[in-house]
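> Sequence and predicted model, in that order:
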Amino acid sequence: MSSRRIARELAVILMPQLPKDKKKLEKVELDKLVGKAVQMLTDHAKQCLSEANAFVVKAQQSLTEQIIEHPDNVRQVHDLKPIVIKSDQLKEHLDLLDRALHLTSEALDVPQMSVETKDTEFLHLLVGTYLDHQKEIDEFINGVKDKWRVERMVSIDRDIIRLACAEAFYLPEIPINVCISEAVELSHRFADDKAAKFINGILSDLGRQAKEFRDTGEIPSVGASNDDASVSR
């Protein structure tokens with residue numbers, strides 16, 4: 001996992017805790033907030049490992065019960081014979097193990113994130129850029145053709161989109177397509193496939209505005225907002 005992707009993930013976690021202006025950010029000390037975010041990730045990793053273990057135990061118990069309760073083994077528990085397992089039963093066991101592996105893989109990302117947070121330069125830049133331009137960013141989002149209202153979005157979707165806008169509009173050294181693809185990756189990690197499609201659609205429109213802004217240096221005109229629009233996920 002790249003250091004910038006780690007910074008983006010931490011920024012998403014930090015968003016609800018950020019002050020409303022950049023000056024106050026220096027007082028609360030971003031590094032302390034980062035430490036809290038890493039602790040949250042560590043707790044999440046422990047939870048993932050605990051749930052993974054539960055899935056493995058469940059698979060083991062289910063398989064053992066099937067072996068013991070099989071007609072060939074009912075009266076000879078001390079000398080159990082191999083049994084034939086139906087494909088649907090095998091699939092149930094494999095599904096449990098697959099879920100356990102997925103949770104374990106997710107947990108293993110945390111140590112790397114903890115180590116690499118020592119280099120927080122991009123994290124500071126990303127969060128600071130958002131705080132410098134948050135009003136304009138929300139105006140951009142409210143002005144896309146689909147008329148999605150920022151205040152009615154699911155909070156995690158809103159934070160991912162806001163950070164992506166900060167990159168796309170105000171960090172020209174980062175390609176716009178990278179800003180969008182990284183935001184979609186964040187949605188896969190923090191939300192679900194439906195959210196990823198929603199975020200991708202919003203950012204596709206915003207990407208065109210960002211290109212115009214980068215090319216001209218002028219804020220692109222946005223459509224009239226629709227106060228009756230709402231988000232259903």
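Done, it's in.
> Apart from its neighbours in sequence, what residue is nearest the most centrally placed residue in the chain?
The centroid of the chain falls nearest to residue 190 when counting by Cα atoms, centre = their mean (2.5 Å). In this structure, residue 190 finds its nearest non-sequential neighbour in residue 156, 5.3 Å apart by Cβ to Cβ, 6 or more residues apart in numbering. No exception for glycine: its C-beta is placed from N, CA and C like everyone else's.
> again, but for residue 63
Spatially, and ignoring its direct neighbours in sequence, residue 63 is nearest to residue 93 (5.9 Å; Cβ to Cβ, 6+ apart).
> What of residue 187?
Nearest residue to residue 187, sequence neighbours excluded (Cβ to Cβ, 6+ apart): residue 196, at 4.2 Å.
> who are the neighbours of the helix or strand the one you found falls within, in terms of helices and strands?
Assigned by DSSP states H and E, residue 196 belongs to helix 193-216. Contacts defined by 3 or more Cβ pairs under 8 Å, 6 or more residues apart in numbering; DSSP states H and E place helix 193-216 against helix 121-142, helix 155-170, helix 176-190.
> How far away from the center of its chain is the first one?
Helix 121-142 has its average C-alpha position 18 Å from the chain's average C-alpha position, going by Cα atoms, centre = their mean, to the nearest Å.
> now swap in the second one and tell me
Averaging C-alpha positions (Cα atoms, centre = their mean) puts helix 155-170 13 Å from its chain's average.
> quick one: buried residues of it?
Neighbour-count burial for helix 155-170 flags 156-170 (criterion: 16 or more other Cβ atoms under 10 Å).
> Give me the mean pLDDT for the helix or strand hosting residue 50.
For residue 50, the host element (DSSP H and E) is helix 30-69. The average pLDDT for helix 30-69 rounds to 84.
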